[in-house]
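Colleague: Return atomic coordinates for the entry below.
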Amino acid sequence: MRGAETTGEVQLKRLAISSGLARGFAYVHRDILDQLQFRYSVSDDKIDDEWNRIKTALDVVDGDLQRSAARVDQELGQKMAAIFEAHRVLLRDPSLVSEFERELHERRVNAEDIVKSVLSRYELRLRADENTALSERGDDIADLSRRLLRVLTGTREHTITQCPPGCVLVTRQLLPSECVHLKRRGIAGVVIERGGATSHAALLTREMGVPAVSGVAGATDLILNGEQLLVDGNAGTVTVRASAESIAEFDGRLCEQNKVQAVHLSHCHDPAVTQDGQVIQVMANVGCEADVQLAVKNGADGIGLYRIEYHFLMMSTLPSEDELYHELRNALKPAMGLDVTVRLLDTGGDKCMPWLDLPHEPDPFLGRRGARFLLAWPELLRTQLRVLLRLSGETSLGILIPMVTRADEVQQVRSALTQEAEKMNIACPRLGVMIETPAAALCVSQIALLCDFLSIGSNDLTQYTMVAGRENPLVADYFDDEHPAVMRLIRIICHESRGLPVSVCGELAASPTAVEELVHKGVTILSVVPPLVPRVKDQVRAIAQHRTP
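Modeller: Residues are numbered from 1 along each chain as shown. Got it, this is the predicted structure:
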């Protein structure tokens, strides 16, 4: 966008990772690695000095991470703070520290070049891995690299702290250490060249309510500092050098968005009832205490999906039964008295527990995921069941089995639950199944005989039905959760559910164009992220009358 090309409106469309609208002037962020091009040799008598510089930088960054974790815990909750605690674990990895020392003695160059070289190799290895979770860990290494280099070069102030309030940040990648400055600097929106919908940048921008669009190749070269940008985090578009007409239209949408949000919130605690009297429960998908608090504040009728993974990711070792019980009990306290559904540990695919030494799988998304994983680790399964049995005496609780493909998996989990309940002399709570595969959808009549409720995970159901990875930008056009094939499977699930309650807990549950159709197909519970609960309730209230699809 130089010279003659800098005239005229341009719209860039990529991946929406955090919803909302933002208008502001571009602030193009330059990476410290791009500015670090120097290397110099170190004499034998100076090797120890360089090693001490590296060790000092490690200590300083560790302290910074500890303070960041505490601040983020206060502002966004433990789930987000865990990112920085994980960085501290990486920073103190003995193999990484040893590699710094070994390379310093072998190459005999300055500390900055050693840190840059070693961590660049780590980052490249992770990004090359087919496992999405490991690939995303490249962001963690990139973040640590830049933190250490800022200490070594004396550049202690992060360049993002220079962003003017109300700007739109344009950057190659948004790292966790940079995300913490977004709210403090009053950044209106973010445009990123690289990063998927499950990256830490995506999670943090969503939690902060900052609209963001990712996958905009070459954004830091295409967009000039000071250019006005219109960021649509709903549609995944960025408009550069917008016309007066486009700006006026966008401002109108911004104004309308603010008015609508205020209306939604004004009666968010009222039931969601269609115009012909059908009550639809609108619940929340959560993963920590802060999420639960936000869900209750936004009028959620209950917790439709509590993701237990966070409590395992927080631990460097497998948590004990008592530790897990107290963690979950504290997190769910704000929702006591409401219906709560806790999903058993859903690992495998793109979610890996750091303390599990699992064998490499050539295609983890088609490997030992969900129920398959739980049945392969029976004591881990039973620990969770005992914890949830204890909690079931304190609130109305349901247990959800993730990623089921066969009815016998449900039978095995139910048998384990029954055995543990008998040992503890506690009545079995409700047991539900996540329907996330075409196999489970097409055999739902068999599965329904073994459980008490069904929950459709529309994200994975779409991924496996459309054969399109939900985080793969190359097949983004194929990931269509409203495709007729997906909607037909949902109709089959509802029709053959044997009268069990059916919920939808993926992105589809909040789709403005899908809610009415889901209700007409027989879905009785919609579970969405907490901020969307008020809007989805109003969508339900607008449904005129029941019809059979």
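Colleague: Measure how far the helix or strand where residue 285 lies is from the centre of its chain, please.
Modeller: Assigning secondary structure by DSSP states H and E places residue 285 in strand 279-286. Centre-to-centre, strand 279-286 and its host chain are 19 Å apart (C-alpha atoms, centre = their mean, to the nearest Å).
Colleague: what packs against that strand?
Modeller: strand 272-273, helix 289-297, strand 302-307, strand 339-343, strand 525-528, helix 533-541 (3 or more C-beta pairs under 8 Å, 6 or more residues apart in numbering; DSSP states H and E). Using the backbone N, CA and C atoms, a C-beta is placed for each residue, glycine as well.
Colleague: got the buried residues for stretch 53-67?
Modeller: 53, 54, 57, 58, 60, 61, 64, 65 (16 or more other C-beta atoms under 10 Å).
Colleague: burial measure for the closest residue to the fifth one other than its chain neighbours, as a count.
Modeller: Distances taken as C-beta to C-beta, 6 or more residues apart in numbering put residue 151 closest to residue 60, at 4.9 Å, once the chain neighbours are dropped. Residue 151: 21 surrounding residues under other C-beta atoms under 10 Å.
Colleague: Over to residue 151. Which of the three states is it?
Modeller: Classification of residue 151 using DSSP: H, G, I helix; E, B strand; the rest coil returns helix.
Colleague: quick one, what contacts it?
Modeller: 56, 57, 60, 61 (C-beta atoms under 8 Å, 6 or more residues apart in numbering).
Colleague: what do you get if the cut-off is 7 Å, keeping everything else the same?
Modeller: Residue 151 sits next to 57, 60, 61 when contact means C-beta atoms under 7 Å, 6 or more residues apart in numbering.
Colleague: For the second one, grab phi and psi.
Modeller: I take that to be residue 60. Per-residue torsions, residue 60: phi -60, psi -50 (degrees, to the nearest 10).
Colleague: what's the spacing between it and residue 481?
Modeller: 45 Å (C-beta to C-beta, to the nearest Å).
Colleague: ok, and the closest non-adjacent residue to residue 524?
Modeller: Sequence neighbours aside, residue 501 is the residue nearest to residue 524 in space, at 5.4 Å (criterion: C-beta to C-beta, 6+ apart).
Colleague: returning to what we had before: from the buried residues of stretch 53-67, which ones fall inside helices?
Modeller: Under the assignment DSSP state H, these contribute 53, 54, 57, 58, 60, 61, 64, 65 to helices.
Colleague: Can you give me the pLDDT of the closest residue to residue 394 other than its chain neighbours?
Modeller: Leaving out its chain neighbours, the residue that sits closest to residue 394 by C-beta to C-beta, 6+ apart is residue 336, at 6.8 Å. Residue 336 carries a pLDDT value of 90.
Colleague: who touches stretch 97-114?
Modeller: Residues contacting stretch 97-114 (C-beta under 7 Å, 6+ apart): 36, 39-42, 47, 50-51, 53-54, 115, 117-118, 149, 152-153.
Colleague: Go through it and flag the buried ones.
Modeller: 99, 100, 103, 104, 109, 110, 111, 112, 113, 114.
Colleague: In the stretch 1-150 of the chain, what residue spans correspond to helices?
Modeller: Listed in chain order, the helices of the stretch 1-150 of the chain (DSSP state H, counting those that start in this stretch) span 32-35, 47-76, 78-91, 94-107, 111-127, 132-153.
Colleague: can you check the stretch 201-350 of the chain too?
Modeller: According to DSSP H, counting those that start in this stretch, the helices that the stretch 201-350 of the chain contains are 219-222, 244-266, 289-297, 309-313, 321-332.
Colleague: Over to the stretch 351-500 of the chain?
Modeller: 370-376, 378-392, 407-424, 438-442, 444-448, 458-466, 484-495.
Colleague: per-residue confidence averaged over the first one?
Modeller: Confidence for helix 370-376, expressed as mean pLDDT, is 91.
Colleague: go on, the fourth one?
Modeller: Mean pLDDT, computed over helix 438-442, is 97.
Colleague: The longest one now?
Modeller: What helix 407-424 shows for mean pLDDT is 97.
Colleague: and that helix, what does it pack onto?
Modeller: helix 370-376, helix 378-392, strand 397-401, strand 430-435, helix 444-448 (3 or more C-beta pairs under 7 Å, 6 or more residues apart in numbering; DSSP states H and E).
Colleague: hmm, back to that, quick one, what contacts the residue nearest to residue 524?
Modeller: Residue 501 neighbours (C-beta under 7 Å, 6+ apart): 453, 524, 525.
Colleague: For the nearest residue to the last one once chain neighbours are set aside, give its distance to residue 518.
Modeller: Looking back up the chat, that one is residue 525. Here the nearest residue to residue 525 in space, its sequence neighbours aside, is residue 503; by C-beta to C-beta, 6+ apart that works out to 3.4 Å. According to C-beta to C-beta, residue 503 and residue 518 sit 10 Å apart.
Colleague: joint contacts of the two?
Modeller: residue 526.
Colleague: thinking again about what came up before, ok, so of the contacts of residue 151, who is nearest residue 535?
Modeller: Using C-beta to C-beta, residue 61 is the member of these that lies nearest residue 535, at 40.6 Å.
Colleague: that older thread, return the member of the contacts of residue 501 nearest to residue 25.
Modeller: Closest to residue 25, out of all of those and judged by C-beta to C-beta, is residue 525, at 43.3 Å.
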